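K.L.:
one predicted model, sequence on top.
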Amino acid sequence: MPTSHTGTPGNAIGRASRCALWLALSLVAQSTPAVSADCRSAPATVTFLQVWTDHAPWSEKDWSAHFGELAALGFEEVILQWSSHADTTVLGDPSDGSNTVPLAVLAKSARKAGVRLWLGLTYDPKFWSSLNRGSEVVASYLNRRLAREKIQIGRLASQINEVDPAGDVFSGWYISDEIDDGKWRTSESDGLVTRYLTLLREQLAQARPTWPVMISGFATGRMSPRGWAQSSEDLLGATKIEGFLFQDGVGAGHLTLEQSESYLKALETALAPPGRNFGVVIEIFRKLPSVDSGGFTAESASGDRVEKQLRQASCYGADPVVVFSAPEYLLGKESAARRLKIYWDARTSRATPPPPRAGE
């Protein structure tokens with residue numbers, strides 16, 4: 001998923017490659033039917049939450065209100081995309097001057113609102129650029145990352161025992177490293193990826209044996225829908241990761257609705273075996289032109305487009321249906337967020353969503 005403070009992953013494609021990519025995707029779209037009007041839109045009960053430095057001053061009262069707002073929107077689970085990012089962490093003590101959002105406060109506030117949490121690992125802003133190098137350098141980077149994550153997982157597991165002894169708040173782990181159909185899926189890196197995720201999954205199992213693990217991924221058209229689905233099935237089977245969340249790519253501009261549907265159809269077939277969860281991340285934002293080459297800017301999407309995304313997810317049996325992300329694009333102060341929230345409130349109250357305004 002994109003972050004508000006960093007660039008969107010997977011965008012380093014040259015002009016010639018982009019032309020070939022969109023030509024291929026347009027051919028896929030031509031052979032894919034439009035989103036079926038017969039499918040009822042799926043309930044979206046999960047959202048991502050990114051913890052930033054801006055959250056460090058928040059009090060327990062602030063967090064309780066925030067989780068209460070998410071619960072009122074119909075969200076029953078929240079995926080903490082990361083537990084540490086740059087200088088922000090859920091570990092540590094705010095009194096020492098660090099940018100800490102205490103895990104204990106998050107757990108207590110979520111419990112009060114009746115919301116369960118998935119706990120993300122460490123987000124590395126340099127992750128994508130580190131995969132742009134030779135296989136030996138990539139292998140060295142992944143080994144160092146694995147060692148750091150082992151320490152992080154141990155610290156998180158220790159705190160979980162303290163803040164959630166009854167196990168009524170946390171649902172499982174979320175691996176913050178996303179899978180794409182480009183950098184991760186080259187022939188020389190495929191084995192490195194499988195080894196890294198297998199060892200990481202083993203570390204997570206040692207820390208919390210009963211917790212399921214989820215990971216997410218996105219496609220940009222570099223692999224065919226069938227190839228991407230088969231590759232994802234192979235990776236999940238080898239690593240024993242139980243849950244896969246497919247980012248629909250519509251908000252980031254990686255795929256159109258029709259192109260995304262091709263991937264969903266292939267994934268539904270490939271990831272059907274019992275014991276494996278296949279979910280879809282609905283991108284409820286619309287990417288805007290960046291003011292600089294490295295920034296990411298977006299605004300809330302229209303209710304009409306989001307409804308189509310939700311209906312499409314329902315067509316292909318996605319469970320869970322996750323949004324990225326309610327805090328920014330449903331609870332934001334911008335006019336686009338307020339319009340989308342009007343639609344969402346009507347939807348969750350089973351009323352007929354208002355029609356989109358002209359130009360949306």
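P.N.:
Yes, it's here.
K.L.:
same for the longest helix along the chain, what does it pack against?
P.N.:
Longest helix in the chain, counting residues (DSSP state H): helix 135-163. Applying 3 or more C-beta pairs under 8 Å, 6 or more residues apart in numbering; DSSP states H and E, one finds that helix 135-163 contacts helix 103-113, strand 122-123, helix 127-130, helix 187-207. C-beta coordinates here come from the backbone N, C-alpha and C atoms, glycine included.
K.L.:
let's see 6 Å
P.N.:
On a contact count with 3 or more C-beta pairs under 6 Å, 6 or more residues apart in numbering; DSSP states H and E, helix 135-163 meets helix 103-113, helix 187-207.
K.L.:
pull out the buried residues from it.
P.N.:
138-139, 141-142, 145, 149-150, 152-153, 155-157, 159-160, 163 (16 or more other C-beta atoms under 10 Å).
K.L.:
distance between that helix and the chain's centre?
P.N.:
On the basis of C-alpha atoms, centre = their mean, to the nearest Å, helix 135-163 sits 19 Å off its chain's mean C-alpha point.
K.L.:
just stretch 70-85 next, same as before
P.N.:
11 Å.
K.L.:
also stretch 92-108?
P.N.:
Distance, stretch centre to chain centre, for stretch 92-108: 23 Å (C-alpha atoms, centre = their mean).
K.L.:
contact partners of that stretch?
P.N.:
Outside stretch 92-108, the residues within contact range by C-beta atoms under 6 Å, 6 or more residues apart in numbering are 51, 53, 55-56, 60, 63, 87-90, 159, 163-164, 169.
K.L.:
which phi and psi does the nearest residue to Tyr123 once chain neighbours are set aside have?
P.N.:
Excluding the flanking residues, the one nearest Tyr123 by C-beta to C-beta, 6 or more residues apart in numbering is Trp82, at 3.7 Å. Trp82 adopts backbone torsions of phi -150, psi 160, taken as degrees, to the nearest 10.
K.L.:
and the pLDDT for Trp82?
P.N.:
Listed pLDDT for Trp82 reads 96.
K.L.:
and Arg185, by the same measure?
P.N.:
pLDDT, Arg185: 63.
K.L.:
also the one 5 residues further on?
P.N.:
Confidence per residue is given as pLDDT, and for Asp190 that number is 71.
K.L.:
next one: the one 4 residues further on
P.N.:
The pLDDT attached to Thr194 in the predicted structure is 90.
K.L.:
hang on, it packs against Gly237?
P.N.:
No. If you go by C-beta atoms under 6 Å, Thr194 and Gly237 don't touch, sitting 10.0 Å apart.
K.L.:
of the two, who's got more company?
P.N.:
Thr194 (16 against 13; other C-beta atoms under 10 Å).
K.L.:
returning to that earlier point: of all the buried residues of helix 135-163, which comes closest to Asp181?
P.N.:
Val138 (16.9 Å; C-beta to C-beta).
K.L.:
residue contacts, that closest one?
P.N.:
So Val138 contacts 131, 192 (C-beta under 6 Å, 6+ apart).
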